[in-house]
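Peer 1: what follows is a predicted protein model with its sequence.
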Amino acid sequence: MEMINTTTSSNTSDMDLDHCDSRCRMILIILYSLVLFGGTAGIILMSCMMFKKNSRSIIATIVTNLIVLHSILLVSLPFRLSYYVLVVWEFGSFACRVVSSLIYGHMYFSFVFYVTIVVLRLLIYFKKLQMQQLKKYHVTVLSIIIWLMGGLIFLPIFFLQYGINPSHSEQQRCFEFYKDLRRQELIVMNYFMIAVMITTVLVLFLIQMAVIFQQIKALWPDMWAHQEYRAQIKSCFFLLIIAVCFMPHHAFRVHFIQNYSEIENSKLVLYNEICVALTTVCCLDMLCFIGGVIH
């Protein structure tokens, strides 16, 4: 009798996750596993490298913030993987909300720190900021402000507004907070964040391209011999991370909000979950740093 009940419970769990079928779960398991192992290796190696060099540079301070961010997210990934492997959430509704919110918090905080690096380098290029005037404690204070401001904005949204639907209290289900998108205030918030991120990236990309073309024109054919040119090229790497990891989620989010139906559009949920998982791939940036893309 106990076996029958267990089987029934398992079948019920499969039905509960009909919006994320076996193919969906397999894709997510592979993607999150890659991020977990690759991100963990990158963070360990990068931390050892920075400890040995004892770097006090501005970029090193911001990279330290990224290491902390990535570490927090990576700690949460085994919980996600257990859910997609076992098809049952066994850690309670509050833990589900925390684990779910971490992936969005990580994305937006990482976005802010990537943008900070690009903007600082552009300000230095346009002589609006002198490198000699920018000390490590300035960047440390800026980092603290970002964490505090981000926390004051993020925590009320995700713990008072996100995931409060009564259906989320069922312990066997998790990561179905897209159902909250039926609420008008969350739809408006999503559109606002999409507009901010896409506009910021487009503006920075156009400015960055203009700077690079200007430098090519002035320094050709020996531009690679100039540190300033290489620094601007490396800034493009951060914009590339945002474009590859974050933009698909936000671009698809518009289509998802407009067409999502809890009953019919299971494929939309699959694509949405993959886009959300793709945002975590930015954790592999440390492997690129170690490989020499950024110094």
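Peer 2: Received the coordinates, thanks.

Peer 1: helix or strand for Val141, which one?
Peer 2: Assessed by DSSP states H and E, Val141 sits inside helix 136-156.

Peer 1: also His249?
Peer 2: helix 247-259.

Peer 1: what residues of that helix count as buried?
Peer 2: Residues of helix 247-259 classed as buried: Met247, Pro248, His249, His250, Phe252, Arg253, Phe256, Ile257 (neighbour count, 16 or more other C-beta atoms under 10 Å). From N, CA and C alone the C-beta is placed, and that goes for glycine too.

Peer 1: with stretch 207-225 instead?
Peer 2: Gln208, Val211, Ile212, Gln215, Met223.

Peer 1: ok, which stretches of the protein are helices?
Peer 2: Secondary structure of the chain, counting by DSSP state H: helices at 2-16, 22-53, 58-86, 93-125, 136-156, 184-219, 227-241, 247-259, 266-278, 285-290.

Peer 1: what packs against the helix holding Val141?
Peer 2: Helix 136-156 makes packing contacts with helix 58-86, helix 93-125 when contacts are defined by 3 or more C-beta pairs under 8 Å, 6 or more residues apart in numbering; DSSP states H and E.

Peer 1: off-centre distance for the last one?
Peer 2: Which is helix 93-125. 6 Å (C-alpha atoms, centre = their mean, to the nearest Å).

Peer 1: and it with helix 227-241, angle?
Peer 2: Counting by axes from the mean of the first three to the mean of the last three C-alpha atoms, to 10 degrees, helix 93-125 points 150 degrees away from the direction of helix 227-241.

Peer 1: what's the average pLDDT for helix 93-125?
Peer 2: The average pLDDT within helix 93-125 is 88.

Peer 1: in that helix, what's buried?
Peer 2: Buried-residue list, helix 93-125, by 16+ other C-beta under 10 Å: 96-118, 120-122, 124-125.

Peer 1: same deal with the first one?
Peer 2: Neighbour-count burial for helix 58-86, with 16+ other C-beta under 10 Å as criterion, is recorded at 58-59, 61-67, 69-71, 73-74, 76-77, 79-81, 83-84.

Peer 1: how about the contacts made by the closest residue in space to Phe79 that isn't next to it in sequence?
Peer 2: Nearest non-adjacent residue to Phe79, counting by C-beta to C-beta, 6 or more residues apart in numbering: Val99, 4.9 Å away. With contacts defined as C-beta atoms under 8 Å, 6 or more residues apart in numbering, Val99 is in contact with Ser76, Phe79, Arg80, Phe91, Cys174, Phe175.

Peer 1: you'd agree the first one is up against Tyr104?
Peer 2: Meaning Ser76. No - counting by C-beta atoms under 8 Å, Ser76 sits too far from Tyr104 to count as a contact (11.4 Å).

Peer 1: any idea how far His249 is from Phe154?
Peer 2: According to C-beta to C-beta, to the nearest Å, Phe154 and His249 sit 17 Å apart.
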